[in-house]
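In: Following is a predicted model, sequence given first.
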Amino acid sequence: MGKAFLLVALIALVIYALLRLWEKGKAARSPRPLQPRQAPRTRRVVAPDDDAEFLRNLEQKRRRQKRGEQSKGKPNGPQGEPDNS
């Protein structure tokens, strides 16, 4: 009875070892691990206050408007804004 148990255990061990080797060999043959496919990278949307180019253009536009108002002779208020009175 003990010999039959040892024989079954030995066969199970051999089958387990063969399966492990087969899985390792299969993983080594694949070019890369199986992973979910990722979406292609797209340009990230940036908020206007984080976009350096937007802020630069905004500053240039503000300066042009200020120069235009000064050349027309409009008086500026205390904060540099046009006087609305």
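Out: Cool, got the structure.

In: Flag the shaky bits of the chain, pLDDT-wise.
Out: Residue ranges of the chain with pLDDT under 70: 27-36, 39, 46, 48, 73-85.

In: just checking, what packs against the longest helix seen in the chain?
Out: Determined from DSSP state H, the single longest helix within the chain is helix 2-29. If contacts are counted by 3 or more CB pairs under 8 Å, 6 or more residues apart in numbering; DSSP states H and E, helix 2-29 sits against no helix or strand. Quick note: C-beta positions are derived from backbone N, CA and C, even for glycine.

In: Buried residues, it. List them.
Out: Buried residues in helix 2-29, counting neighbours by 16 or more other CB atoms under 10 Å, are absent.

In: Double-check L55 against D49; I have them as touching.
Out: Yes: applying CB atoms under 8 Å, one finds L55 in contact with D49, separated by 7.3 Å.

In: The two: which is more packed in?
Out: L55 (12 against 8; other CB atoms under 10 Å).

In: check which helix or strand covers that one.
Out: helix 52-72 (DSSP states H and E).

In: So what's the residue count around F54?
Out: F54 - counted by other CB under 10 Å - has 13 other residues nearby.

In: meant to ask about L58, not that
Out: Neighbourhood size, L58 [other CB under 10 Å]: 13.

In: Please apply the same query to D51.
Out: 13.

In: Number the chain from 11, please
Out: Let's use 11 as the start, then, which means that last one is D61.

In: Now it: phi and psi?
Out: With angles defined as degrees, to the nearest 10, D61 sits at phi -90, psi 110.
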